[in-house]
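[1] Could you look at this predicted model? Sequence included:
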Amino acid sequence: MSRRHVLVARPTPSGVDLVAVQRLADACGIGYAVLDQDEPTIHDVLDDALRDGVPVTLVPLAVPRDRYLETWIARAVANWRESRGAELEVRLTAGIDTTAEFLDAVRIRMKEDGAPISASPRAFRSPAWSQLPEHDAHILVCRGPRCTVYGAGELYRELRRDNPDALVTPTGCLNPCNLGPLYITYPGGEWHSRAPRSEPADAAGTSEEIFRPKWTIAGNEGPQPLPTLNI
């Protein structure tokens, strides 16, 4: 039985160059996934492998080694196994910077002077970066590892489509992600949860709950915790 190898990248909230990741994967003749912020997710590639009946080896794509990435890859695989109730052999390699070949590649670059840098400082302080975008609301969408698995990608696209006058911003993990996918709307400061629950779905086919936590201000009552859902 052939084994499927998959590169797993960890984007920042600013994103990742998916074109470069895909180009690397294509050059190696393998697939790729991203831990958060984008798709395809680890769950997506494992679903494909289960359908095709092939074992998977995941290769963490980080230099230097990123223990957060490795830890959350393992957690994502564990969640996939639990949520799918399926058996699939999934393995994880060491980081690519642990190979002698990687060190050799770095040493090759050390022999080069490099190309001159000719960027203009004006690009760093362009007037465009001083302009506040016009918007009537600000929506923060959690794109952490759990919310991404729970459907934050589709939620982000839906919010951008349905709220053309709002500034919709993807973020890193917003913490209470057992309630995910999550997003926060301002100026009201309301937390919205799309977590699965037993209540009837709304007209859009989803069930959404809204929370209004209290802000932590010196001398005032502490924050009101969000409820814990058993999902």
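    Cool, the structure landed.
[2] Tell me the confidence at S14?
    According to the prediction, S14 has pLDDT 72.
[3] Count the residues that sit near it.
    For S14, the count of nearby residues is 7 (other C-beta atoms under 10 Å). All C-beta atoms are positioned from the backbone trio N, CA, C, and that covers glycine.
[4] One more: R143?
    28.
[5] any idea of the pLDDT on it?
    So R143 comes in at 93 (pLDDT).
[6] how about the helices of the protein, start to end?
    With DSSP state H applied, the chain shows helices at 18-28, 42-52, 67-84, 100-110, 145-149, 152-162, listed in chain order.
[7] Could you export the fourth one as CSV, CA atoms only?
    Output of helix 100-110 as CSV, limited to C-alpha atoms (Å, rounded to 0.1, in the frame of the first residue of the first chain):
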residue,chain,number,x,y,z
ALA,A,100,22.1,16.8,7.4
GLU,A,101,20.9,17.9,3.9
PHE,A,102,19.2,20.9,5.4
LEU,A,103,22.4,22.0,7.1
ASP,A,104,24.3,21.5,3.9
ALA,A,105,21.8,23.8,2.1
VAL,A,106,22.3,26.5,4.7
ARG,A,107,26.1,26.2,4.3
ILE,A,108,25.7,26.6,0.6
ARG,A,109,23.9,29.9,1.1
MET,A,110,26.7,30.9,3.6
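[8] ok, back up a step: distance to G188 and mean neighbour count for the helices of the chain - can I get that in a markdown table?
    Formatted as a markdown table, the helices of the chain follow (distance: least, C-beta to C-beta, whole Å; neighbours: other C-beta atoms under 10 Å):
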| stretch | distance to G188 | mean neighbour count |
| --- | --- | --- |
| helix 18-28 | 33 | 13 |
| helix 42-52 | 32 | 17 |
| helix 67-84 | 31 | 16 |
| helix 100-110 | 49 | 9 |
| helix 145-149 | 20 | 26 |
| helix 152-162 | 15 | 17 |
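[9] could I get the ones you listed as JSON lines with distance to W129?
    Shown next, in JSON lines, are the helices of the chain (distance: least, C-beta to C-beta, whole Å):
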{"stretch": "helix 18-28", "distance to W129": "24"}
{"stretch": "helix 42-52", "distance to W129": "34"}
{"stretch": "helix 67-84", "distance to W129": "29"}
{"stretch": "helix 100-110", "distance to W129": "31"}
{"stretch": "helix 145-149", "distance to W129": "28"}
{"stretch": "helix 152-162", "distance to W129": "21"}
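[10] so where do the strands sit in the protein?
    4-9, 31-34, 56-61, 90-92, 137-142, 166-171, 182-186, 190-193, 209-211 (DSSP state E).
[11] Report the rounded mean pLDDT for the last one.
    The average pLDDT within strand 209-211 is 70.
[12] separation between the residue nearest to P133 when sequence neighbours are not counted and I139?
    Using C-beta to C-beta, 6 or more residues apart in numbering and skipping residues adjacent in sequence, the residue nearest P133 is L167, 5.6 Å away. As judged by C-beta to C-beta, to the nearest Å, L167 and I139 stand 7 Å apart.
[13] neighbour-wise, which of these two wins?
    Higher neighbour count among L167 and I139: I139, with 19 against 16, using other C-beta under 10 Å.
[14] what's the closest non-adjacent residue to that one?
    Leaving aside its sequence neighbours, I139 sits nearest to V168 (C-beta to C-beta, 6+ apart; 4.7 Å).
[15] How many residues are close by L7?
    If we define neighbours as other C-beta under 10 Å, then L7 has 20 of them.
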